[in-house]
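Q: Fold the following.
(2 chains)
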Amino acid sequence: MFREKLSAVKENPIAALYPTTKGWIVILYCICVTALSTVKVNGYALYLIPLFLMIPVLFAVSGIWEKFFGFFKSIFIFVAFIFIVQTLLIRSDAVLFRFGFLSIYEDGLQHAIFLCFIILNIAGILLWLFQTTETKEMTYALEKMGMSYKASFVFLSTFQMIEVLGKSSKTIMNAQRARGIETEGNIIVRCKAFFPMIVPLVVSSIMNTEERVLTLECRGFDTKCPKTRLLELKKSGNEAKAIVISVIVTAAVLIGRILLWVL
Amino acid sequence: MGTVVEFKNVTYTYPLSEKPAIKNMSFKIEEGKFYGVIGENGSGKTTLCSLVRGFAPDFYKGTLEGEVLVDGKPTTEYGPGELALKFGYVFQNPFNQISGVKDTVFEEVAFGLENFGFDPDEIEQRVTDVMELTDITAIALKNPFELSGGQQQRVALASTIVLKPDILVIDEPTSQLDPEGTESVFKIISEMKNEHKTILLVEHKVDLLAEYADEILVLKDSELIKAGPKQEILSDISLLKKNVQLPQMSILGNELRKLGLPIKNIPITEDQAVDIVKSHLAKGGKS
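A: Residues are numbered from 1 along each chain as shown, chains lettered A, B, ... in the order given. Model (predicted):
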């Protein structure tokens, strides 16, 4: 009864693809990003821009369109910061714009576009993978491909522990605040509050490790025998089609790139 | 009843420590009995549990003199994972017993069985049964990290019990729980006693031990100062001088005896105290 509820039923055919198929799509997409980043139009890696437009399309066809905006919002400040730093700090002879003491050079803009769209493309495709695939599905698929049981445990527990440590840090922060440590204000105040928070967090995590190891030992983690998995991973039936389409697109991009070199 | 665990002149010292954590200890744990371990903080209760389970010296290293025998064989001779099905071990902090890789309570409880390669159908049946026993069926699909301390401890107990171990070693399972959580944990332990499991429970709540345990081991300054049936140990008022906590009923019974009430056997539980008072009243309240 409970076993049936462990695997989330995905109605969308793209989201329901087998985790390793989605992994291959990510790898092929990264190959396309790498290939197109080397194609320059007047020194600008402009082909990365239409490629990035594939990301919202992929989110939309996977039925998670609304999550694209969340992704874009979270990464926008980071990318905008990199864009500004790159455009203002990399200098060359050709000045494109001048605003008072600030100058935007051609090299700076070229680097900014190149770097920002590489980040957007790779972060976007990885986020699509993790939004459509649960970590446990990914781990189980990797385990089936031959990843060791211990490695998959480390992979899975790392993802879970990020969330747990986040919660613990909030608890410690509240406790330190109750003791009179200022945690809000300017950057210096926040930096000062960081150490009283991080030290107990790290120390308690290290201290808890011993008990966690023994708990695993008690629950047969080290036992030398084939392990059972309650989670059942099913293929949606569209895996071959998805791989063929991805390979064709990647091949077209690579052939196009080679032709541009040759011609 | 056969002996399942035996300590033979055991002295154990942790690495980098000069003083032994357990000194010259000898006793036997018999099959199917419920042992309560009491003593002050730092008296060696947790180390005793670690020695019984074989964590010391295998995991903690350190120096072991004497022998800890499980089914007649020294714990040092067992291989990794070999004792996992023989012993169930429940730690003090329920939070640390969550594996951290499972999204639901159901999967968390099943984790041990998955590690031992049990058949999925058997896993489902066993987990369903044990969740029923520990009253966690309603939270089966919740994330274990989002539970209260009492619920997490019940999940930890369920995760241990589901492996059907012969011996349960439980180290202060209620130290972080409220009275309601404590009561529910003791009910589960008492169910295990009814299933003839051997239980070694470290607990400060002596009133509950007086009710549930068969035998009591009293530790002080790394030594076993007294061991025997609960009635004999928990009614021994002289232990108070050694800073050993005794049940409220024992203290009350002793005080009443001092006042001249003819109490033959010092009570250790509420029921025993009530019986004494009833019989006294039946005699017209005369000494």
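
Q: What about whichever residue of the stretch 1-150 of chain A sits closest to chain B, how many residues nearby?
A: Distance from chain B to each residue of the stretch 1-150 of chain A (Cβ to the nearest Cβ) is smallest for A:F2, at 4.5 Å. For the C-beta atoms, the positions are set from N, CA and C on the backbone; glycine is no exception. Here the count is done by other Cβ atoms under 10 Å in any protein chain shown, and A:F2 has 19 residues near it.

Q: got the contact list for it?
A: B:T104, B:F106, B:E124, B:V127, B:T128, B:A140, B:L141 (Cβ atoms under 8 Å, 6 or more residues apart in numbering or on different chains).

Q: Let's see that with 10 Å instead.
A: A:F2 sits next to A:230, B:104-107, B:109-110, B:124, B:127-128, B:131, B:137, B:140-141 when contact means Cβ atoms under 10 Å, 6 or more residues apart in numbering or on different chains.

Q: Okay, and which of these map to helices?
A: B:V105, B:F106, B:E107, B:V109, B:A110, B:E124, B:V127, B:T128, B:M131 (DSSP state H).

Q: Filter those residues to keep only those in contact with chain A.
A: B:V105, B:F106, B:E107, B:V109, B:A110, B:E124, B:V127, B:T128, B:M131 (Cβ under 10 Å from any Cβ of the partner chain).

Q: which non-adjacent residue is nearest B:L208?
A: Spatial nearest neighbour of B:L208, chain neighbours left out: B:F186 (5.4 Å); criterion: Cβ to Cβ, 6 or more residues apart in numbering or on different chains.

Q: For that neighbour, give its distance to B:G39.
A: Using Cβ to Cβ, to the nearest Å, B:F186 is found at 19 Å from B:G39.

Q: which one of those two has more residues nearby?
A: Using other Cβ under 10 Å as the criterion, B:F186 and B:G39 rank with B:G39 on top: 25 against 19.

Q: The more buried one pairs with what?
A: According to DSSP bridges, the partner residues bridging B:G39 are B:L219.

Q: need the contact list for it.
A: Going by Cβ under 10 Å, 6+ apart, the list of residues near B:G39 reads B:45, B:48, B:202, B:204, B:217-226, B:242-245.

Q: domains of the chain?
A: Looking at chain A here, since you left the chain open. Using automatic domain parsing, the domain ranges for chain A come out as A:16-133+A:236-262, A:160-218.

Q: not quite, I wanted chain B
A: B:1-86+B:165-245, B:99-164, B:247-287.

Q: what's the span of the first one, first residue to last?
A: In other words, domain B:1-86+B:165-245. Using Cα to Cα, to the nearest Å, one end of domain B:1-86+B:165-245 lies 29 Å from the other.

Q: next one: the second one
A: In domain B:99-164, first residue to last residue: 19 Å (Cα to Cα).

Q: any idea how far it is from the chain center?
A: The chain centroid and the centroid of domain B:99-164 are separated by 20 Å under Cα atoms, centre = their mean, to the nearest Å.

Q: can you tell me the average pLDDT over that domain?
A: When pLDDT is averaged along domain B:99-164, the result is 94.

Q: repeat for the shortest one
A: Confidence for domain B:247-287, expressed as mean pLDDT, is 88.

Q: Any idea how far apart the tips of stretch A:183-190 sit?
A: One end of stretch A:183-190 sits 6 Å from the other (Cα to Cα).

Q: meant to ask about stretch B:136-148, not that
A: Span of stretch B:136-148 from end to end, Cα to Cα: 12 Å.

Q: Could you pull out the buried residues of that stretch?
A: Neighbour counts over stretch B:136-148 (16 or more other Cβ atoms under 10 Å in any protein chain shown) mark B:I136, B:T137, B:I139, B:A140, B:K142, B:P144, B:F145, B:L147 as buried.

Q: in the stretch 101-250 of chain B, which spans are helices?
A: With DSSP state H, counting those that start in this stretch as the definition, the stretch 101-250 of chain B shows helices at residue ranges B:105-115, B:120-133, B:149-161, B:179-194, B:206-212, B:230-234, B:248-258.

Q: Need these in a markdown table (columns: distance to B:H280).
A: As requested, those are exported to a markdown table (distance: least, Cβ to Cβ, whole Å):
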| stretch | distance to B:H280 |
| --- | --- |
| helix B:105-115 | 49 |
| helix B:120-133 | 40 |
| helix B:149-161 | 39 |
| helix B:179-194 | 29 |
| helix B:206-212 | 21 |
| helix B:230-234 | 19 |
| helix B:248-258 | 9 |
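
Q: For the residue nearest to the spatial centre of chain B, give me its contacts.
A: Nearest residue to the geometric centre of chain B (Cα atoms, centre = their mean): B:L201, 1.0 Å. Residues in contact with B:L201 (Cβ under 10 Å, 6+ apart) are B:34-38, B:49, B:90, B:168-174, B:185-186, B:189, B:192-193, B:208-209, B:212-213.

Q: my guess is B:L219 meets B:V37, correct?
A: Yes: because the distance of 6.6 Å satisfies Cβ atoms under 10 Å, B:L219 is recorded as touching B:V37.

Q: Quick check: buried residues in the one helix or strand in chain A whose mean pLDDT sits lowest?
A: When the helices and strands of chain A are scored by mean pLDDT, DSSP states H and E, helix A:2-6 comes last with a mean of 79. By 16+ other Cβ under 10 Å, the buried positions in helix A:2-6 come out as A:F2, A:R3, A:L6.

Q: So between B:L219 and B:V37, which is more surrounded?
A: Using other Cβ under 10 Å as the criterion, B:L219 and B:V37 rank with B:V37 on top: 28 against 25.

Q: Give me the distance between A:P196 and B:F95.
A: Distance from A:P196 to B:F95, by Cβ to Cβ: 22 Å.
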